[in-house]
Each structure stands twice: as C-alpha cells, then as structure tokens.
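Peer 1: dropping a prediction and its sequence here:
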Amino acid sequence: MKYQMGRWAVLVVGIFALILIPFVLFGEHIEVWTENFIATSAQHTPQIALGLGLLLGGDILLPVPSSLASTAAGFVLGFVRGMLTSWAGMTVSCLLGYWLSAKLGRPLAVRLVGERDLERLAALQKRFGDWVILAARPVPMLAEASVMFAGISHVAFGRFMLLTALSNLGISAVYAAVGAFSSNVNSFLLAFFGAILAPAAAMWLMNRTTSAVE
C-alpha cells in the first residue's frame, strides 16, 4: 500500500514539476515579452489577436501569463473580440493538453501506478470530475494539472471539451470585460468567481433540460 502511494506521489509530483519548472526557468522572460508585444502591437489588432491567441494556445506547455494576455485581449480588441480570442486560445490549450496527456502521459502512468488504479481514478473523475474541472480552470497550475489528469484517466473527450469550453468562456468573458471596461488587470477574484458561476449555471441549466426531456 505504501509502495503504491509512493508511486502515486511520484506521478503527482511529476505532473506539477512539468508545469512549475518552465515557470521557474522562463516565466519572467515570457511575461516581459508578452508585455512588450502588447505595448508594441496595440495598433495592429489582427496581429495582436493572433499573437495572444497563440500565446494562450501554448499555455499548457509554456509559462504564459494567461490572465494578463486575456485582459489585454479585452483592452486592445474590445470585449467581444477579446473574449473570443481568449476563449479560442484557452480551448486550444486544453485540447492540446488532453491529447498529449492521453497519448504520452497515459502509457507512463500505466507503468507507474498500473491500469487498475487508473481505472479507479477514471471512476472518481466520472463522479466528481465535472466540478473539479470547472473549479480548477481559473487557478494557476491546477488548471493545467486538471487537464493532464483528465487526459491520463481518459475522461470522455466530448464531456471534457464541453466543460472546459464553458469554463473558458466564463474566464474569458470576465477578463475581457475587465480589460475592456476598466484598467484593473489584477482582478483575479472577480475572474475566479465569474469563471465558476457562469459555466456552473450553464451546466445546471443543461442538467435540468436533460431531466425534463427524460
């Protein structure tokens, strides 16, 4: 039992190390580059939309300051275009993270903790995973980790993309609104609660609709 718990600890620590090490090594440089890119591209909206979208799309692999990029999208592009740019980039990042974790992370996890324990993880994901994904999306590190665990445990792809798309839409809408309508680029708590409440309300409405149809 202790031996198996040790293997799970190695897996969890390994996942968080994959997320944290790039932040330690490159986080400051990428943040400075992002700020300079925003400052120098403010008059070129197609370029900045593409650049911010690509930055957010690579967030699963790179230490991108996603709150800064999403807020800047709203500030430079306006609320609607900024929200859509942020949402597209964040959703691509989730898709990439899920695919890499399912294809590359899953075989490593099977070797480390075994197929049976991963099936137990999948059962837990099926029971509690929806709310874990929604709650983790606005939180740095936990957002990336939840995507990786979803890919490793083979969460149903359609369900995963629906949940992350809803959550990303909530996050993007709040940060884009902050950027478009105010100068406060550090409204993390506002984005956190908005990112949870908006998709949670949508999921509640879908569940009610499904129950009524059945």
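Peer 2: Okay, I see it. Predicted model only: the values in this text are computed from it and were never measured.
Peer 1: straight-line length of stretch 151-162, end to end?
Peer 2: Taking Cα to Cα, to the nearest Å, stretch 151-162 runs 14 Å from one end to the other.
Peer 1: and residue 162, how many residues sit next to it?
Peer 2: 17 (other Cβ atoms under 10 Å). Where you see a C-beta, it was placed from the backbone N, CA and C, and this is true even at glycine.
Peer 1: no, scratch that, I was asking about residue 80
Peer 2: So residue 80, with other Cβ under 10 Å, has 12 neighbours.
Peer 1: what does residue 50 give?
Peer 2: Residues near residue 50, counting by other Cβ under 10 Å, number 14.
Peer 1: now the one 5 residues further on
Peer 2: Number of residues near residue 55 (other Cβ under 10 Å) recorded here: 25.
Peer 1: does residue 167 touch residue 130 like I think?
Peer 2: No: counting by Cβ atoms under 8 Å, residue 130 is not a contact partner of residue 167; they are 10.2 Å apart.
Peer 1: the more surrounded of these two?
Peer 2: More crowded of residue 167 and residue 130, by other Cβ under 10 Å: residue 167, with 28 against 19.
Peer 1: secondary structure class for that one?
Peer 2: Residue 167 falls in the helix class when you classify it by DSSP: H, G, I helix; E, B strand; the rest coil.
Peer 1: how near is residue 166 to residue 173?
Peer 2: 11 Å (Cβ to Cβ, to the nearest Å).
Peer 1: now do residue 24
Peer 2: Counting by Cβ to Cβ - residue 24 and residue 173 are separated by 31 Å.
Peer 1: which one's more surrounded, those two?
Peer 2: Between residue 24 and residue 173, counting by other Cβ under 10 Å, residue 173 is the more crowded of the two (23 against 10).
Peer 1: that one and residue 83 touch, don't they?
Peer 2: Yes: the criterion here is Cβ under 8 Å, and residue 173 meets it with residue 83 at 5.2 Å.
Peer 1: show me the shaky parts of the chain.
Peer 2: 1-11, 27, 40-44, 113-114, 117-118, 121-122, 124-129, 182-214 (pLDDT under 70).
Peer 1: helices of that one, start to end?
Peer 2: 2-40, 45-57, 66-77, 79-100, 106-113, 115-136, 142-152, 157-181, 188-213 (DSSP state H).
Peer 1: could you say which of these is packed most deeply?
Peer 2: helix 66-77 (a mean of 25; mean count of other Cβ atoms under 10 Å).
Peer 1: what packs against that one?
Peer 2: Contacts defined by 3 or more Cβ pairs under 8 Å, 6 or more residues apart in numbering; DSSP states H and E place helix 66-77 against helix 2-40, helix 45-57, helix 79-100, helix 157-181.
Peer 1: now the third one against helix 106-113, angle please.
Peer 2: The one in question is helix 79-100. Using axes from the mean of the first three to the mean of the last three Cα atoms, to 10 degrees, one finds that helix 79-100 and helix 106-113 are set 60 degrees apart in direction.
Peer 1: tell me which residues touch the nearest residue to residue 151 once chain neighbours are set aside, please.
Peer 2: Excluding the flanking residues, the one nearest residue 151 by Cβ to Cβ, 6 or more residues apart in numbering is residue 101, at 2.7 Å. Residues counted as contacts of residue 101 (Cβ atoms under 8 Å, 6 or more residues apart in numbering) are 147-152.
Peer 1: tell me which two in these are the farthest apart.
Peer 2: Spanning the widest gap among the contacts of residue 101 are 147 and 152, at 9.8 Å by Cβ to Cβ.
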